[in-house]
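**Student:** When you get a sec, could you give me coordinates for this:
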Amino acid sequence: MIQRMRTPLLGSIFLVLVVLAACGGTDESAAFAESASAPAAPAPVPGPAGGPGFAQFSADTAGQSRLEVAPAMPAAPAPALAPAVAPAPAPAPAPARGGEVISKPAPDDSAVTLAENGSTEREVALVAQQRIIVRTVDMELVVADVSGTLDAVAGMAQELGGWVVSSDRTQKHRGVTSIRVPADRLDEAVRRLRDLALEVEAEVSTSRDVTDEYVDTTARLTNLLATEEALLKLFEKALKVEDALKVQTELTKIQGEMERLRGRIKFLEETSAFSLITVILELAAIEMAADAGADQTISVGQAARFRASFTPPEGIDNFSFTWDFGDGSPLAFGERTAPSLQEDTRFTSTITHFYDDDRDSPFIVEFEITGTGDAGLVEGGDTLIATVTKVPKIEVFAGENQIVEEGEEVEVAGSFTRPAGLTDLTFRWDFGDGSAPVTQEVGEGLTRAVTTHVYPDHRPVPFIATLTVAGLSEAGEVEAESRINILVTEAPPIEVFAGGDVSADEGKEIELVGSFTRPEGVTDLEFSWEFGDGSAPVTGELAAGETNAVATHVYPDHRPFPFTARLTVTGKRDSREVKSSSSVRVFVAESPGWVLSGWSASDNWKTATRALSAVGQGLGTFFIWLGIFSPLWIVGGAVALVLRRRRRAAG
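**Tutor:** Residues are numbered from 1 along each chain as shown. As a prediction, the model looks like this:
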């Protein structure tokens, strides 16, 4: 109280001094100036160890006064202040300042008051002997009702004399709350929280000894109080406004530091008197049936695929699941699910994993799934065993690259090894031309894959034939493959020539003669003449060594444009048909009519008709030109007539 009254009083004194200095000429200000010109006596404030320091004004070389504040001497260790006093038995805990509950020995009359706020050296020493501990507890509880449990925790805190620091119930299936309870009832609060839970998933209790910090902070505050008192005494003796301002500045700094220390002391007292409990509440999950799938045997480096099925209750829509593959690799997470053929069962998305080693095989694969929705929280899980083995390696060689003609049968012969522990060996040849692959089982002890194939057509780039050998091991199917290139070239064709253009009269028989070549390897040659007038073709076999194909035909009607006759020669090369064709034009003219003694009525009639047509065409042309040039004829005639009349008149 005295300290609070001094600050306004000092401000008033300072204001009066400023006004007097500004007015000047009064006797009081002159006396103040006269006394200020004399050197001020130092005002040491000695004290015992740990007591206050001293403050004084000194003059520098320019005659200006300077404020010197020496800090207080370091405080001696607290227990040494009362070495001969044995602590009395501790009474029941009593509230200290700031609401702290601190057990202290009985008060001793030998305590010496050092500051007006009630702090004593004896009190500091006793606090150092009775440790100040700040305890906190973190708990994770599984409960049947999150919202109801949060209310129960808040009610318990109030009942024990504490309060709720914070509470978060924004999530439907999870809640978080922090409470403070008296330190002496912390164990009781923890026991009651355990009783509220279906399961305690985690409980962590920590203790922090803040005794040293509390003692050090209290001692620093005591020193600052002594320094403040010394400055106040010096302020009362200040004769200059400048000196008073300097003292006021130092007082402001010291008082600010004192307020900070008081706040820290209060915080330590409250945190030690009321322990903090943080509680995380998880809604108890309903069990859900889940199946991780059948046990698997996988080869090292082979893709292992896992997919689980589960049966969620109604009202559960959101799912998240994890896979632990048992080999120390990171967990695999997923959220995608899909319905199965059964309406009440769902599948998770497929997860792929690769095992790099088989030394720790078999591995236990754990599957866990959680679902949320209006029905609450559900969870399920299952395990399976993944046996990882080394893969037997098959060495495959498809053979050498080949060049064949189209239609020619090609033989492919590959080879391979038979690793131990491999059964049910098969090989498959895929010839790369779209035909069906050839698959065969490999007999016991065999290491060759032989088959034949015919490429019906050629192409400029080779076909890629692939040999695949597969077998069964403990880890499942094992296969290997090898490839070769097969270039298919065009076979020599049968060259056919149907002959040059032919002229014929309608109704008269003509002979068509075509020629061809006989490539090596081509047998069973046959020919076919098609005449292009809709009649049946003429076919026949060609004897060995024969290179001509002859046919006769009668065109019954003529036409102004030619008929096209086509000769086709076919044969067989390695049981495959080869064919080649050629065509010829046949001009069929109209046959001559009835002829008597070299005179043909039809020819004469045609000739007469043609002559008459020519005469008519000439007359028509003459009259057309006459009409075109008629204006010229008229003008010329008129001019001639005028000239003629003039001549007559002149004669």
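**Student:** going forward, measure contacts and count neighbours with C-alpha atoms only.
**Tutor:** Noted.
**Student:** show me what contacts the spatially closest residue to residue 443 that is not a sequence neighbour?
**Tutor:** Distance criterion Cα to Cα, 6 or more residues apart in numbering; nearest residue to residue 443, sequence neighbours excluded, is residue 425 at 7.8 Å. Listed by Cα atoms under 8 Å, 6 or more residues apart in numbering, the contact set of residue 425 reads 441, 442, 443, 469, 470, 471, 472.
**Student:** tell me the secondary structure for the third one?
**Tutor:** Okay, so that is residue 443. Using DSSP: H, G, I helix; E, B strand; the rest coil, the structure places residue 443 in coil.
**Student:** Can you give me the separation between it and residue 418?
**Tutor:** Applying Cα to Cα, to the nearest Å, one obtains 11 Å for the distance of residue 443 from residue 418.
**Student:** neighbour count winner among the two?
**Tutor:** Taking neighbours as other Cα atoms under 10 Å, residue 443 and residue 418 compare with residue 418 leading, 19 against 11.
**Student:** Is residue 438 bridged to anything, and to what?
**Tutor:** residue 429 (DSSP bridges).
**Student:** correct me, but it touches residue 412?
**Tutor:** No - with contact defined as Cα atoms under 8 Å, residue 438 does not count as touching residue 412 (11.3 Å).
**Student:** what sits in contact with each of those two?
**Tutor:** Common neighbours of residue 438 and residue 412 (Cα under 8 Å, 6+ apart) are residue 451.
**Student:** When these two are compared, which one has more neighbours?
**Tutor:** Comparing residue 438 with residue 412 by other Cα under 10 Å, the one with more neighbours is residue 412, at 21 against 14.
**Student:** which stretch of helix or strand covers the more buried one?
**Tutor:** Taking DSSP states H and E as the definition, one finds residue 412 inside strand 409-416.
**Student:** Would you mind putting the CA coordinates of that strand into PDB?
**Tutor:** Extracted as PDB, the C-alpha positions of strand 409-416 are listed here (Å, rounded to 0.1, in the frame of the first residue of the first chain):
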ATOM      1  CA  GLU A 409       6.600 -74.300 -94.000                       C
ATOM      2  CA  VAL A 410       9.200 -73.100 -91.400                       C
ATOM      3  CA  GLU A 411      10.400 -75.200 -88.500                       C
ATOM      4  CA  VAL A 412      11.200 -73.400 -85.200                       C
ATOM      5  CA  ALA A 413      13.200 -75.300 -82.600                       C
ATOM      6  CA  GLY A 414      13.900 -73.700 -79.200                       C
ATOM      7  CA  SER A 415      15.600 -75.000 -76.100                       C
ATOM      8  CA  PHE A 416      15.400 -74.400 -72.400                       C
END
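**Student:** which outside residues touch it?
**Tutor:** By Cα under 8 Å, 6+ apart, strand 409-416 touches 394-399, 404, 447-455, 467, 469, 574.
**Student:** before we move on, the earlier item: nearest to residue 530, of the contacts of residue 425?
**Tutor:** Of all those, residue 530 sits closest to residue 441, with 50.9 Å by Cα to Cα.
**Student:** how much space between the closest residue to that closest one other than its chain neighbours and residue 392?
**Tutor:** Distances taken as Cα to Cα, 6+ apart place residue 426 nearest to residue 441, at 4.3 Å, with adjacent residues excluded. Counting by Cα to Cα, the gap from residue 426 to residue 392 is 15 Å.
**Student:** Please state the offset of the lengthiest helix in the chain from the chain centre?
**Tutor:** Ranked by residue count and defined by DSSP state H, the top helix of the chain is helix 241-273. Computed by Cα atoms, centre = their mean, to the nearest Å, the chain-centroid distance of helix 241-273 equals 56 Å.
**Student:** same thing with stretch 412-430?
**Tutor:** Relative to the chain's own centre, stretch 412-430 is displaced by 41 Å; criterion: Cα atoms, centre = their mean.
**Student:** same check, this time on stretch 357-370
**Tutor:** 25 Å.
**Student:** Where do the strands of the stretch 251-400 of the chain begin and end?
**Tutor:** 274-283, 286-287, 289-291, 296-299, 303-306, 309-311, 316-324, 332-334, 337-339, 346-348, 351-354, 363-373, 376-389, 396-397 (DSSP state E, counting those that start in this stretch).
**Student:** Partner strands of the third one and their direction?
**Tutor:** Strand partners for strand 289-291, identified by DSSP bridges, are recorded as strand 309-311 (antiparallel).
**Student:** Name the surrounding residues that touch the partner strand.
**Tutor:** 288, 289, 290, 291, 292, 293, 344, 345, 346, 347, 348.
**Student:** I'd like the distance from the residue nearest to the third one when sequence neighbours are not counted to residue 334, if you could.
**Tutor:** The shortest distance from residue 290 to any residue other than its chain neighbours is 4.1 Å, reached at residue 310 (Cα to Cα, 6+ apart). According to Cα to Cα, residue 310 stands 14 Å off from residue 334.
**Student:** Between those two, point out the one with more neighbours.
**Tutor:** residue 310 (23 against 15).
**Student:** where's residue 289 relative to residue 221, distance?
**Tutor:** In terms of Cα to Cα, residue 289 sits 66 Å off from residue 221.
**Student:** Tell me which of the two has more neighbours.
**Tutor:** residue 221 (23 against 16).
**Student:** I'd like to check the angle between the host helix or strand of that one and helix 241-273, please.
**Tutor:** Here residue 221, judged by DSSP H and E, is contained in helix 211-237. Helix 211-237 runs at 160 degrees relative to helix 241-273, counting by axes from the mean of the first three to the mean of the last three Cα atoms, to 10 degrees.
**Student:** Could you pull up the mean pLDDT of helix 211-237?
**Tutor:** On average, the pLDDT along helix 211-237 is 84.
**Student:** Same question for stretch 254-267.
**Tutor:** Stretch 254-267 comes out at a mean pLDDT of 86.
**Student:** List the buried residues in it.
**Tutor:** 254, 255, 258, 261, 264, 265, 266 (16 or more other Cα atoms under 10 Å).
**Student:** again, but for stretch 558-567
**Tutor:** For stretch 558-567, by 16+ other Cα under 10 Å, it's 558, 562, 563, 565, 566, 567.
**Student:** Tell me the backbone dihedrals of residue 553, please.
**Tutor:** Main-chain dihedrals, residue 553, degrees, to the nearest 10: phi -160, psi 150.
**Student:** returning to what we had before: now for the residue nearest to residue 441, which secondary structure element holds it?
**Tutor:** strand 423-430.
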